[in-house]
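> Structure, please.
(chains A and B)
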Amino acid sequence: MLLQIKDLKVNYAGLEIVRGIDLDVDKGECCGLIGESGCGKTTVGLSITKLIPERKGNILAGEILFEGRDTLKLTSEELRGIRGKKISYVFQEPFSSLNPVFTIYEQIRESLEEKDNPDARIADILKNVGLEKIIGRKNIYPHELSGGMQQRAMIGMAIASRPDLLVLDEPTTALDVTVQRQILELIMELKNKMNLAIIFISHDLRIVFNIADKIAIMYAGSIIECGPKGKIASNPAHPYTIGLIDSIPSLEHRKKLFNAIGGKAPLFSELPQGCKFYPRCRFRIDKCLEKEPELENVSHGHVSRCIRIGDIVRAENRHNLQA
Amino acid sequence: MELLKINNLYKTFKKHRVCAVDGASFSIFKGEVLGLVGESGCGKSTLAKLILRLIDADKGSIFYKGKDLLNISRNDMRKTRKDLQIIFQDPYASLDPRMKIGKVIEEVYDIHKNVSERDRKSKTIELLETVGLGETYLNRLPSELSGGERQRVGIARALATDPEFIICDEPVSSLDISVQAQILNLLIELQKRKNLTYLFISHDLGVIGSICDRIMVMQSGRFIESGSYEDIFKNPQCQYTRTLLESAFLP
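Purely as a prediction, here's the structure:
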């Protein structure tokens, strides 16, 4: 296993916003991490290389084993050897991630693994990310590129060090649909070519269904369901996941109301007793209030944090399931 | 009934040498949801602003119930705006950060004078309830609201003049998928209940396909294809429409 996150807990601005996360990612595997904004998914991504600003947050507990070493115990010197080298990041907005005063060439050169003969290597990277157009054009600055091309440049920087793990935090959210599609295809291609492990953070299940091998769904700071893509898509076993799937615009339900999740996610300062999803859940029963459910097996490799798993999985038409 | 008829509308931004809307002609019928789809920069929002005369067209004509909107007085236009409203994309940028939610709605009454002093408060509360908020939101500031709640305020503001026609300019694009479904539900319900007419702008064919009756596809300022939902989704004629459909991850 390339990366193993074990019982990670993170404090942010005085509140525990990652409340015990376990997640494994293997070489060549793409793991989708799904959740609404503010559920803690970005924080999980940043924690992997201790990128959380010290003033704001700190990691309370847990282990993050990367190639068997706990990154949380490494010195900042040792972390520098991993961050941006073995583990690279691509964030949502390419324009604010790129430095506007340096050329694309300079920025890719900076993240190169070996520094000799950089131009050939940069040309190679640009070709890999579909930026053949700017090969040899060393004076191109970020603002001269479109959003899609900027994101390609970011991906180029991320793979320049030949990393083992790529953390992609909403990499296509700011892009147009056709460009989004191209970037996802590029990511898939690189993943296969370089045998990359990927953590793909997104709020959009549609995208993750297209790209991930495994999907973990977060709610209020913990994982509420995790399993192989096929099982999550065809056999979701947590009411929140079901609600998310029902929220996807679908042509079969044209002109009908969505079976949307009501209400809104709780604030971390006011988390409810028992199951954190209880106030919004269509399948809730009184027993849900007693204590927060543990992750339980649904089938091999598929877990869900719901005491009604049995009822949900058995129900032929989940929409008819009553409390 | 033909509610709006747009003929040969042009708009060029000279500074950027871009023809943002390059000869748009179409009609919008009472009670329909007309979808407008295209990628960023194709001229969708410019078209929306032209229809409401938030910016002026270079040439062309816009008829609303037979009235030529490009050739009426400012005063008449102001009165007509009551019937033509818009919901903006970004619920963060479209609300004044220092204005309380109650005031956001009441400002509409100040401008259009369509509600008596006595009814203002009750009307405002009623509107907030219509969009799933309520009295408790009257004295809150936008910064205390989530994206979905802000967009509900944007919808309430558009409804405050009791309009006939609303332009929904990417109203759910900046929202999480679960919130998006809630807001779409609200828009669908309102449309049915009040027999509203929407021009629904989006880059997401999934959203467009799930709520629109007719669809227009726009690229570089031009309509390249338009037709019923079936025409566009089942039998697209243009390569660009096909590309959009393929990119939309239709489940």
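
> Quick check: residues of chain A near chain B?
Contact residues, chain A versus chain B (C-beta under 8 Å from any C-beta of the partner chain): A:36-37, A:176-181, A:203-207, A:209-210, A:243-244, A:246-251, A:253-255, A:257-262, A:264. (C-beta placed from N, C-alpha, C; glycine too.)

> Give me the buried subset of those.
A:36, A:176-181, A:203-207, A:209-210, A:243-244, A:246-250, A:258-261, A:264 (16 or more other C-beta atoms under 10 Å in any protein chain shown).

> now, which of those lie within strands?
Residues of these located in strands (DSSP state E): none.

> In helices, which of those residues fall?
Counted as lying in helices by DSSP state H, out of those, are A:177-181, A:205-207, A:209-210, A:243-244, A:246.

> Hmm, B:Leu145 is touching B:Val153, no?
Yes: B:Leu145 lies in contact with B:Val153 (C-beta atoms under 8 Å); the separation is 7.0 Å.

> which of the two has more neighbours?
A count of neighbours by other C-beta atoms under 10 Å in any protein chain shown puts B:Val153 above the other of B:Leu145 and B:Val153, at 23 against 19.

> list the helices and strands whatever helix or strand the more buried one lives in packs on?
In this assignment (DSSP states H and E), B:Val153 forms part of helix B:147-159. The contact analysis (3 or more C-beta pairs under 8 Å, 6 or more residues apart in numbering or on different chains; DSSP states H and E) places helix B:147-159 against strand B:84-87, helix B:101-112, helix B:120-130, helix B:177-194.

> got the angle for the helix or strand following that helix vs helix B:177-194?
Moving toward the C-terminus from helix B:147-159, the next helix or strand (DSSP H and E) is strand B:165-169. On the basis of axes from the mean of the first three to the mean of the last three C-alpha atoms, to 10 degrees, strand B:165-169 is oriented at 170 degrees to helix B:177-194.

> Run through the stretch 51-200 of chain B and note the low-pLDDT ranges.
Per-residue confidence for the stretch 51-200 of chain B (pLDDT under 70) gives no ranges below the cut-off.

> And for chain A?
Applying pLDDT under 70 to chain A flags residues A:316-323.

> Now do the helices in it.
A:41-47, A:76-80, A:94-97, A:104-110, A:118-128, A:147-159, A:177-194, A:205-211, A:229-234, A:239-246, A:309-314.

> CA atoms only for the first one, dumped as CSV, please.
Backbone C-alpha positions of helix A:41-47 (Å, rounded to 0.1, in the frame of the first residue of the first chain) are rendered in CSV as follows:
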residue,chain,number,x,y,z
LYS,A,41,-12.0,16.9,2.4
THR,A,42,-9.4,19.6,1.4
THR,A,43,-7.9,19.4,4.9
VAL,A,44,-7.4,15.7,4.5
GLY,A,45,-5.5,16.3,1.3
LEU,A,46,-3.3,19.0,2.9
SER,A,47,-2.6,16.9,6.0
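
> Centroid-nearest residue for chain A?
Ranked by distance to the mean C-alpha position of chain A (C-alpha atoms, centre = their mean), the top residue is A:Ile201 at 1.8 Å.

> and the gap between it and A:Val298?
In this structure, A:Ile201 and A:Val298 are 23 Å apart, going by C-beta to C-beta, to the nearest Å.

> Residue 100: neighbouring residues, count only.
Since no chain was named, I'll use chain A. 9.

> that's the wrong chain, I wanted chain B
Neighbourhood size, B:Lys100 [other C-beta under 10 Å]: 16.

> Please name the nearest non-neighbouring residue to it.
Here the nearest residue to B:Lys100 in space, its sequence neighbours aside, is B:Asn139; by C-beta to C-beta, 6 or more residues apart in numbering or on different chains that works out to 5.4 Å.

> Give me the neighbour count for that neighbour.
Other residues near B:Asn139 number 11, with proximity taken as other C-beta under 10 Å.

> now swap in B:Ala248 and tell me
23.

> wait, it sits on A:Val177?
Yes: using C-beta under 8 Å as the test, B:Ala248 is close enough to A:Val177 to be in contact (5.8 Å).

> Give the residues shared as contacts by those two.
Contact criterion C-beta atoms under 8 Å, 6 or more residues apart in numbering or on different chains; residues shared by B:Ala248 and A:Val177: B:204-205.

> can you list the residues of chain B near chain A?
So chain B meets chain A at B:39-40, B:146-149, B:176-182, B:184-185, B:188-189, B:203-207, B:209-211, B:229, B:233, B:243-244, B:246-251 (C-beta under 8 Å from any C-beta).

> Any quick PyMOL command for the buried ones out of the residues you listed?
In PyMOL, a selection of the buried entries from these looks like this (16+ other C-beta under 10 Å):
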select buried, chain B and resi 39+40+146+147+148+149+176+177+178+179+180+181+182+184+185+188+203+204+205+206+207+209+210+211+229+233+244+247+248+249+250
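
> quick one: A:Leu251 and B:Phe233 touch, right?
Yes: applying C-beta under 8 Å as the test, A:Leu251 and B:Phe233 come out as touching, 6.7 Å apart.

> any shared contact partners between these two?
Both A:Leu251 and B:Phe233 are contacted by B:Gly209, under the criterion C-beta under 8 Å, 6+ apart.
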